[in-house]
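>>> Sequence and predicted structure below; questions after.
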Amino acid sequence: MTYDILIVGAGTAGMSCAITAAERGLKVGVIEKSDHVGGALHWSGGHMSAGGTRLQREKGIEDSIEKHLADIYRINNKSGDLDLVEKAVKEAPKTIAWLDDLGMQWSPECPRIIYGHVAYDTARTIYGPEKALSILKVLLPKWKAQVSNGSIECHLENTFVGLGKTDGRYDTVICTAEDKEVRFRGKNIVITSGGYGSNPAYFQQKHPGIPLVSSCYPTATADGHVILEQQGGQFRFGEFHLPSLGGMEEEEGSGRVDFNKAWAMVLTSVYRQPRDIYVNALGERFIREDEANPEIRELTTMQQPDWCFWVVFDEMALNAPDENGNHNPIIIGRTVAEMKEEARKENALCMAGSIEQLAEKTGLPADNLLKTISNYNDMVRTKIDPDFGRNYLEHPIAQAPFYALKVHASVLVTFGGIKVNSELQVLNAEGNPMPGLYAAGEVLGLGATSGSSFCSGMAITPALGFGRVLGRTLS
Ligand SMILES: Cc1cc2nc3c(=O)[nH]c(=O)nc-3n(C[C@H](O)[C@H](O)[C@H](O)COP(=O)(O)OP(=O)(O)OC[C@H]3O[C@@H](n4cnc5c(N)ncnc54)[C@H](O)[C@@H]3O)c2cc1C
């Protein structure tokens, strides 16, 4: 049996590709290594972006594909694969319209400007109330319909391990299932196996010396990258790697953090003015904590030892409401009582009766920490930060107990990926298409569609969009 399209990975890009192709009457095979479909949609924030959507029109927001593209180029200095950026941006409103047609529910505040990345100049980020699960929920009925009518055959718990070709054209996906080798054949092979943020060895190979603290979906293990590189595919855009700030390790040294359960609000000061200071492993401040620009914060953290820092505050700051009367503790979504409970566990968050004890618990050098806090308290008195120019200086660190929360520059999505051309054909070292082989989604790397910056929505929107493009065009 030879499928018209054989897809590796039943995640964001793979499902949209399979549904679109099956609805055209094509026979689609999907290989999935886990026991479920959906991939990163189970964990992703699901923030999408598009210019010129129905919701924007209804809310009187003027936007267009051209404005979106220009805004991306402003943010990322016109970097990335410009053909793919343009293709992704052109496809984005169609993808949103498709989800609209599938009955997608959007959160009432959308479209909006998001400040956790360098902000767009227009409200064009859009998401569902259950983050990316809202997307999965509208894809699943379509998926199931095509599975039950036989147009999609999904082979769960089959792990893609290699590729084969006939007469120079790739037409075979080699898998292992229950320790046996299984082969599937397809006229076109589409690799949508996701990123590599859950493969520490591969990450180290591509980013030597960069600490990997990851909140990527566990299946993002670089399988597609490794096999495509073995076949002559080219890895690119690793140099654009940027972390997201705020992950808290549940277990010290595990390298794993959970974006949805334990994340500190240190991405920007727009949503929360700092009642705290940030100190590096030397116990020293390194940035104005009220810096609004997330990328400046990311790049500055990347210069600190181990790409991590401690957020240090006192009891008064923990209990103080913000200007809107909200408590808004540093860990997103936690109440003050939950923060104290967290501190008692002594994992990422430590609590101590004195600064000396806090230094002992965190391993920060006590002399430096005492000096840093004393200097900062002077700044709160004088309202001048001569070191970094912080303006928001309302909360001294003076009332016990004292707290230190260790946060990491963490990986949500990987920037490096496999080189394709504008038709999404995988390219070899000479820049020629490898016949029969296509790729979409995070296997292309966020750097391809978002360049050297995080542009809101430029991972998941192109994953869905490019999946659909291949589902529409291959035969
Ligand atoms: C916590 C978090 C928050 C995020 N928030 C956002 C956001 O708000 N906006 C945004 O744009 N992006 C966001 N992203 C990134 C975005 O969600 C992903 O880049 C995108 O969903 C990836 O889609 P994909 O189809 O490439 O991979 P996935 O959806 O991960 O699918 C890949 C599939 O391939 C399967 N697979 C892997 N290897 C094999 C193999 N060897 N054999 C068979 N199957 C295999 C996997 O099991 C999986 O089902 C976020 C990511 C995370 C983790």
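Arrived safely. None of these values were measured; they are calculated from a predicted model.
>>> Neighbours of the nearest residue to Pro462 once chain neighbours are set aside, how many?
Distances taken as Cβ to Cβ, 6 or more residues apart in numbering place Ala88 nearest to Pro462, at 3.8 Å, with adjacent residues excluded. From N, CA and C alone the C-beta is placed, and that goes for glycine too. By the criterion of other Cβ atoms under 10 Å, Ala88 has 32 neighbours.
>>> May I see the buried residues of the one helix or strand Ala88 maps to?
Element membership for Ala88, per DSSP states H and E: helix 82-101. For helix 82-101, burial by neighbour count (16 or more other Cβ atoms under 10 Å) applies to 84-96, 98-99.
>>> Now the one residue in the stretch 351-475 of the chain that gets nearest to the ligand, what are its backbone angles?
At 2.3 Å from the ligand, Gly441 is the closest residue in the stretch 351-475 of the chain, using Cβ to the nearest ligand atom. Main-chain dihedrals, Gly441, degrees, to the nearest 10: phi 90, psi -160.
>>> On the pLDDT front, check it for me.
On pLDDT, Gly441 comes in at 98.
>>> roughly how far apart are the residue nearest to it when sequence neighbours are not counted and Pro396?
Once flanking residues are discounted, Gly441 sits nearest to Ala13: 3.2 Å by Cβ to Cβ, 6+ apart. The gap separating Ala13 from Pro396 is 50 Å, by Cβ to Cβ, to the nearest Å.
>>> And those two? Which one has more around it.
Ranked by neighbour count (other Cβ under 10 Å), Ala13 and Pro396 place Ala13 first, with 35 against 17.
>>> Same question for the helix or strand that one falls within: list its buried residues.
For Ala13, the host element (DSSP H and E) is helix 12-23. Going by neighbour count (16+ other Cβ under 10 Å), the buried part of helix 12-23 is Thr12, Ala13, Gly14, Met15, Ser16, Cys17, Ala18, Ile19, Thr20, Ala21, Ala22.
>>> got a list of what the last one touches?
Contacts for Ala22 (Cβ atoms under 8 Å, 6 or more residues apart in numbering) come out as Val28, Gln146, Ser151, Ile152, Gly471.
>>> Quick one: those as JSON lines, columns for pLDDT, neighbour count and secondary structure too.
Listed next are the contacts of Ala22 as JSON lines, based on pLDDT from 0 to 100; neighbours: other Cβ atoms under 10 Å; DSSP: H, G, I helix; E, B strand; the rest coil:
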{"residue": "Val28", "pLDDT": "98", "neighbour count": "28", "secondary structure": "strand"}
{"residue": "Gln146", "pLDDT": "98", "neighbour count": "20", "secondary structure": "helix"}
{"residue": "Ser151", "pLDDT": "98", "neighbour count": "19", "secondary structure": "coil"}
{"residue": "Ile152", "pLDDT": "98", "neighbour count": "26", "secondary structure": "strand"}
{"residue": "Gly471", "pLDDT": "98", "neighbour count": "26", "secondary structure": "helix"}
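>>> Just name the closest of the residues you listed to the ligand, please.
The closest of the contacts of Ala22, once distances to the ligand are taken by Cβ to the nearest ligand atom, is Gly471, at 12.8 Å.
>>> any idea whether the residue nearest to Asp83 when sequence neighbours are not counted is helix, strand or coil?
In space, and not counting its chain neighbours, Asp83 is closest to Ser422: 4.1 Å by Cβ to Cβ, 6+ apart. Assigned by DSSP: H, G, I helix; E, B strand; the rest coil, the conformation of Ser422 is coil.
>>> Count the residues that sit near Ser422.
Neighbourhood size, Ser422 [other Cβ under 10 Å]: 11.
>>> got it, and Ser79?
By other Cβ under 10 Å, 17 other residues sit near Ser79.
>>> heads up, I number from 17, so please use that
Right, with 17 as the first residue, what we last looked at is Ser95.
>>> surely it meets Ser468?
Yes. Counting by Cβ atoms under 8 Å, Ser95 does reach Ser468; the two are 4.4 Å apart.
>>> what residues are shared contacts of those two?
Shared contacts of Ser95 and Ser468 (Cβ under 8 Å, 6+ apart): Phe256.
>>> follow-up on the earlier one: ok, and what's touching the helix holding Ala104?
32, 64-71, 81, 84-85, 88-89, 142, 151, 154, 436-438, 460, 464-467, 473-474, 477-478, 480-482, 484-485.
>>> Correct me if wrong: Gly467 contacts Asn92.
Yes. Between Gly467 and Asn92 there is a contact at 3.3 Å, judged by Cβ under 8 Å.
>>> Find the nearest non-adjacent residue to Pro449, please.
Pro449's closest residue in space is Gln441 (Cβ to Cβ, 6+ apart), at 3.8 Å.
>>> and what of Met318?
Ala425 (6.3 Å).
>>> same question, Ser209
Spatially, and ignoring its direct neighbours in sequence, Ser209 is nearest to Gly240 (3.3 Å; Cβ to Cβ, 6+ apart).
>>> Quick check, the residue in the stretch 17-166 of the chain closest to the ligand?
Gly27 (1.8 Å).
>>> Near the ligand, which residues of the stretch 317-466 of the chain are found?
Those residues of the stretch 317-466 of the chain that sit near the ligand, judged by Cβ under 6 Å from any ligand atom, are Leu428, Val429, Gly457, Glu458, Val459.
>>> cutoff 8 Å now
For the stretch 317-466 of the chain, the residues in contact with the ligand (Cβ under 8 Å from any ligand atom) are Leu428, Val429, Ala456, Gly457, Glu458, Val459, Leu460, Leu462.
>>> residues touching the fourth one, list them.
When contacts are counted by Cβ under 8 Å, 6+ apart, Gly457 touches Gly25, Gly27, Thr28, Ala29, Gly30, Thr208, Ser209, Gly210, Pro478, Ala479, Phe482, Gly483.
>>> pretty sure the last one contacts Ser32?
Yes. Applying Cβ under 8 Å, one finds Gly483 in contact with Ser32, separated by 3.6 Å.
>>> per-residue confidence averaged over stretch 367-375?
For stretch 367-375, the mean pLDDT works out to 98.
>>> Give me the buried positions along that stretch.
Applying 16+ other Cβ under 10 Å to stretch 367-375 flags Met367, Ala368, Ile371, Gln373, Leu374, Ala375 as buried.
>>> Outline the domain layout of the protein.
Domain ranges of the chain: 18-213+428-489, 261-426, per automatic domain parsing.
>>> Go through the ones you listed and pick out the most buried.
Of these, the one with the most neighbours on average (mean count of other Cβ atoms under 10 Å) is domain 18-213+428-489, at a mean of 21.
>>> before we move on, the earlier item: packing partners of whichever helix or strand comes after the helix holding Ala104?
Toward the C-terminal end, the helix or strand that comes next after helix 98-117 (DSSP H and E) is strand 141-142. Using 3 or more Cβ pairs under 8 Å, 6 or more residues apart in numbering; DSSP states H and E, the elements in contact with strand 141-142 are strand 64-65.
>>> Understood, closing this out.
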